[in-house]
Structure formats: C-alpha cells, structure tokens
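**Student:** sequence and predicted structure, then a few things I'm wondering about:
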There are 2 protein chains.
Amino acid sequence: MLKVIVIGSGNVAQHLIKVFLQTKEVSLVQAFARKTESLLHLLPKELITNNYKALLEADVYLISVTDNAIHEVSNLLPFKNKLVVHTSGTSNINVLSTKNRNGVFYPLQTFSKDKAVDFSSIPICLEAENTSDYDTLEFLAKTISNKVYSIDSVQRSTLHVAAVFVSNFVNHMYVIGNDICQKNKIPFEILQPLIQEVATKISVLTPKEAQTGPALRNDTQTIEKHLEFLKDSNYQDIYQLLTQSIQHVAKEL
Amino acid sequence: MLKVIVIGSGNVAQHLIKVFLQTKEVSLVQAFARKTESLLHLLPKELITNNYKALLEADVYLISVTDNAIHEVSNLLPFKNKLVVHTSGTSNINVLSTKNRNGVFYPLQTFSKDKAVDFSSIPICLEAENTSDYDTLEFLAKTISNKVYSIDSVQRSTLHVAAVFVSNFVNHMYVIGNDICQKNKIPFEILQPLIQEVATKISVLTPKEAQTGPALRNDTQTIEKHLEFLKDSNYQDIYQLLTQSIQHVAKEL
C-alpha cells in the first residue's frame, strides 16, 4: 500500500482525496487543510490536520494548492528528503523547496466542485527528479487513471498554451455563438448537437481532416456576407483573423 | 402517408433518403439524381430518375443540391403550385422559383458520407410561405426529429454566422492546439478528455458560466508567458485578440 498525504482543500485536492479513498492500492493516511472543516464532508476529523508539525509519514506528499502558494507550502514542511509533488499544470517543478525530492502529479482536466469526474480517463502528467521517484508516481497514477504520461516542466508549460486554445478559446467561441443567437432571438440550443458533433469528430479525425466551412472552401461570397453582418460588433476582427488563419494553415500544414 | 421526393444525391440527400425509408408515416416515392447510379446502393432502380419530366406526384419535393444549383433545379421542375423546399442553411427561401409554393427544410448538422447519424437529435429548421405548408413540413420534420424550429431566412443566415464560430472556428482551435503539441513532441491525445469535457459542460452551463482560464482571471503573468512562447508563430495575434475579447465580454455581457 502506497501511503499518501494530500495538502490542500480546493477542487483538485478534494477530487484526489475522493479517488484515493476508493483505491485499494493507496492508503490516504492524512490530509492537510488550513481550515479543517473544509474536508470534514470527506474525511473523519482524525485524518485532517491544520498543523504542519503534525504531518505523518507518507510515501508521497501531494501539494494541491494555488500556484502562488506552492513554494511557501513546500518550505513549511517540517521534514526533508521525502517525495513532495505539486499538482499544477502551470508551475515548474523547481518552485518546490529543494530540501525534499520533488515531482509533479498533474491531472489534466477542468474540475468543478460539484461535478463527479471519472479519473480513469483523465490524463495524468508526471515529472520527477529521479527514476525511482518517477516509478512511485507512475504506480500511484496508474491506480487511478489509464492515461499516464511523462511530461517535463517545459512540455507542461507548452501543453498549457495548447490547452488554452482547445478549452478557454473554444468556450469563447461558444460565448460568441450564444451572443449572436440571443441578439437575434434564436435559441442557442439549436447549435448544441453541432457543438457536440464537432468535439466528437476530433476523436476519429485529425483536426486538419475535420476542418470545414467557408474559410477552408474560400467561399468569398459567404465570408463577405458574414463580415458585413458582423460590422458593428467586436467579433468582426475575430472572424477575419480566424478566416485568414484557417486559409494560411490549409496552405502550410 | 406523406409522399416525398428527394432531388439530389449528395451527403444530405442520401441521409434524408435513408431516414425517410425507415419512417412509417413517410412514403419516399422517388428520388432524382443526375447520375442514377449514385443512389443505387440505397434504392431500387425503378425509384430513381434522372429525367425531370418523369417526376411523380408528391406532397413535398426536397431539393438537396449545392447552393449554386438550387435556383436552376427549381426552375427545371415541370410543374407548378406544388410544395418545393430546399435543405440549405445558407440560401434564402427566395432563390426557389416562384412557380411553386416554397419552403426550407434545413437539418442543422455536419454530415459525413460514411458516418451514420441519429436524426432524432438533429435540429430541423423550417420555413414556409404559408401556414398549411408549414404544417406539412412540421409534420414531416417531426417524423424524423424531436427538435423542430421555425426559423426564417434572416434568422437562418444569422444562425450560419453563429455556426461558423461554434464549429469551424472551434475546429481551428483544435488545429492550433494540435500544431503546438506536434511541434513540441507532445501527444495531442492528452488534450482529448479536456476537449470532450469543454463541449459537454456547455449542455449544462451557459457559455459565460463555463468560461475559465488566464484571460478571464486576468492572470497577466501567464498571459505574458504564453504570448512570449508564441512570439515567432502566427498564433500570437489570435491569442492576443481572443484574450482581449474574453476580457471585454466579461465586462459587457
């Protein structure tokens, strides 16, 4: 049994606590929260501490706190030469205090507090300073997920840029579509099946194969009509730039 | 039984033929294809014609051809005062010859030739010049779909602009994410679960509620890092413009 302690009480921390409690090969021996009440719905009182000095022995300490706090929390740990990892997609491994052996255990998904997640399909991106610690993290990751990747800090920050495009910017396209529909009294729900299909297609086709639309066809007449329609909105620039980019990529990639 | 004739042999025409053949309340009495062979895998030879003069009696004639050809095909029909509709998302109802009673029967989805579709969840957008024809089209649409909407030609062209954002531009975000991953030797599949989750979230949250990311948080440090990372690519402008737009929308909408 791998002994694990989770430090933090946010979304990711809570989801990790939940999944570790359900995992046979893992023993969640303790959790740390500044406000112990915030974890009482998940754990018995005895397993929660708000005192760094009271932290127990464990094979892996997972620091799951906001990026700005990772460094400070890792400094406050009252021990050295143990395996201490953070769970952040954006922080470098080297923000962790060097008094311990460091690593990263990053589940790549958007977590909402009230929405259950199926960890088995969530990619876990791992990094460690030495091979045996990597093996420990890999063992831990594979107990909860089928998708485990070795991703170093440079790749992870690159992955974050890509993730901004495929998630935050994609959602902004939904915001714009919704806004256009609302302003013209069209129910946005009409577009739901299309939205789902576009996302589903990407699991069987490459994004380039899946590309369609007036920009790719160079359907100048439709593009002009759409730009004219958008002329008094803030979305005209976006339409123009993305149309150019689709046409550029079609030639280059 | 509603008698229906499909004119055309493209993706949409073939999907409509298939679903009408399976629908009890509908009798597909004939289909028109310039090359009759193109429909032989779906229909017996006797039901296919390439001769306008041989078109039979029907309650609804569906013209499912490329946008540029709709007007000409509607002119070539050798009868008048019948219900003739096109299936296009982009063409106005008035491209159809006025010698017949006109309408639009537009299934809003991306169709691929080899991929089966579940029509019951595809929104069908209807328009007709008079109420009784609208009722006929509504009856027909409801035999194959649970989602039937009255959408006039102006709304339909607006809907097309919104659809470009939520499908073509969304797919382009996937293209960019994929390109960033490939150039940095990161498997794009790591982002698949995130992509699916972003699309799924939109069926329970409004797009605005679902928005997350550095732009919305105004996380200047991360934004600067990402812009620096993208400085030699064509994607820097897109990152900047969409970041500004997310921040603008957060204030306005």
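**Tutor:** Noted; the coordinates are in hand.

**Student:** SS state for the residue of chain A positioned farthest from its centre?
**Tutor:** Residue farthest from the centre of chain A, counting by Cα atoms, centre = their mean, is residue A:221 at 40.0 Å. Here residue A:221 is helix, with the state taken from DSSP: H, G, I helix; E, B strand; the rest coil.

**Student:** now do the same for it: its pLDDT.
**Tutor:** In the predicted model, residue A:221 carries a pLDDT score of 88.

**Student:** show me what counts as buried in the longest helix anywhere in chain A.
**Tutor:** The residue-count maximum for a helix in chain A (DSSP state H) belongs to helix A:236-252. Burial within helix A:236-252, assessed by neighbour count using 16 or more other Cβ atoms under 10 Å in any protein chain shown, is assigned to A:238-243, A:245-246, A:249. Bear in mind the C-beta positions are built from the backbone N, C-alpha and C, glycine included.

**Student:** ok, and what's touching it?
**Tutor:** Contacting residues not belonging to helix A:236-252 are listed as A:176, A:208, A:211, A:213-216, A:218, A:223, A:226-227, A:230, B:161, B:164-165, B:168-169, B:172, B:175-176, B:179, B:234-235, B:237-238, B:241-242, B:245 [Cβ atoms under 8 Å, 6 or more residues apart in numbering or on different chains].

**Student:** quick one: is the helix or strand harbouring residue A:140 near chain B?
**Tutor:** Here residue A:140, judged by DSSP states H and E, is contained in helix A:131-144. No - Helix A:131-144 lies out of reach of chain B by Cβ under 8 Å from any Cβ of the partner chain, never closer than 13.1 Å.

**Student:** how far does that helix sit from its chain's centre?
**Tutor:** Here helix A:131-144 is found 19 Å from its chain centre; the criterion is Cα atoms, centre = their mean, to the nearest Å.

**Student:** which is the next helix or strand following that helix?
**Tutor:** Moving toward the C-terminus from helix A:131-144, the next helix or strand (DSSP H and E) is strand A:148-150.

**Student:** chain center to that following strand, what's the gap?
**Tutor:** On Cα atoms, centre = their mean, the centre of strand A:148-150 falls 14 Å from the chain's centre.

**Student:** what is that strand packed up against?
**Tutor:** In terms of contacts (3 or more Cβ pairs under 8 Å, 6 or more residues apart in numbering or on different chains; DSSP states H and E), strand A:148-150 is packed against strand A:124-128, helix A:131-144.

**Student:** beyond that strand, next helix or strand please.
**Tutor:** helix A:153-163.

**Student:** residue A:162 and residue B:182 touch, don't they?
**Tutor:** No - counting by Cβ atoms under 8 Å, residue A:162 sits too far from residue B:182 to count as a contact (9.8 Å).

**Student:** which one of those two has more residues nearby?
**Tutor:** Ranked by neighbour count (other Cβ atoms under 10 Å in any protein chain shown), residue A:162 and residue B:182 place residue A:162 first, with 25 against 13.

**Student:** for the more buried one, give me the pLDDT.
**Tutor:** Here the pLDDT value assigned to residue A:162 is 97.

**Student:** returning to that earlier point: and the contacts of helix A:236-252, which are buried?
**Tutor:** A:176, A:208, A:211, A:213-216, A:223, A:226-227, A:230, B:161, B:164-165, B:168-169, B:172, B:175-176, B:179, B:235, B:238, B:241-242, B:245.

**Student:** sketch out the low-pLDDT regions of the stretch 101-250 of chain A for me.
**Tutor:** The stretch 101-250 of chain A contains residues with pLDDT under 70 at A:112-115.

**Student:** where does residue A:91 land in three-state SS?
**Tutor:** coil.

**Student:** distance of it relative to chain B?
**Tutor:** Residue A:91 sits at a distance of 11 Å from chain B (criterion: Cβ to the nearest Cβ, to the nearest Å).

**Student:** looks like that residue contacts residue A:67 (just checking).
**Tutor:** Yes - counting by Cβ under 8 Å, residue A:67 is a contact partner of residue A:91 at 5.0 Å.

**Student:** with neighbour numbers in mind, choose between those two.
**Tutor:** More crowded of residue A:91 and residue A:67, by other Cβ under 10 Å: residue A:91, with 21 against 15.

**Student:** show me what contacts that one?
**Tutor:** A:67, A:70, A:104 are the contacts of residue A:91 under Cβ under 8 Å, 6+ apart.

**Student:** for those residues, which one is nearest chain B?
**Tutor:** Distance to chain B, by Cβ to the nearest Cβ, is smallest for residue A:67 among those, at 8.8 Å.

**Student:** next, the contact list for the closest one, please.
**Tutor:** A:88, A:90-91, A:95.

**Student:** what are the phi and psi values for it?
**Tutor:** Backbone torsions for residue A:67, taken as degrees, to the nearest 10, come to phi -50, psi -40.

**Student:** buried ones among the contacts of residue A:67?
**Tutor:** Buried among these (16+ other Cβ under 10 Å): A:88, A:90-91, A:95.

**Student:** count of neighbours near residue A:154?
**Tutor:** 10.

**Student:** please read the previous query as pertaining to residue A:82.
**Tutor:** 18.

**Student:** would you agree residue A:24 falls within a helix?
**Tutor:** No - counting by three-state DSSP, residue A:24 falls outside a helix, being coil.

**Student:** what sits closest to it if chain neighbours are left out?
**Tutor:** Leaving aside its chain neighbours, residue A:24 sits nearest to residue A:143 (7.8 Å; criterion: Cβ to Cβ, 6 or more residues apart in numbering or on different chains).

**Student:** so the one you found touches residue A:25, yeah?
**Tutor:** Yes - counting by Cβ under 8 Å, residue A:143 touches residue A:25, with 4.7 Å between them.
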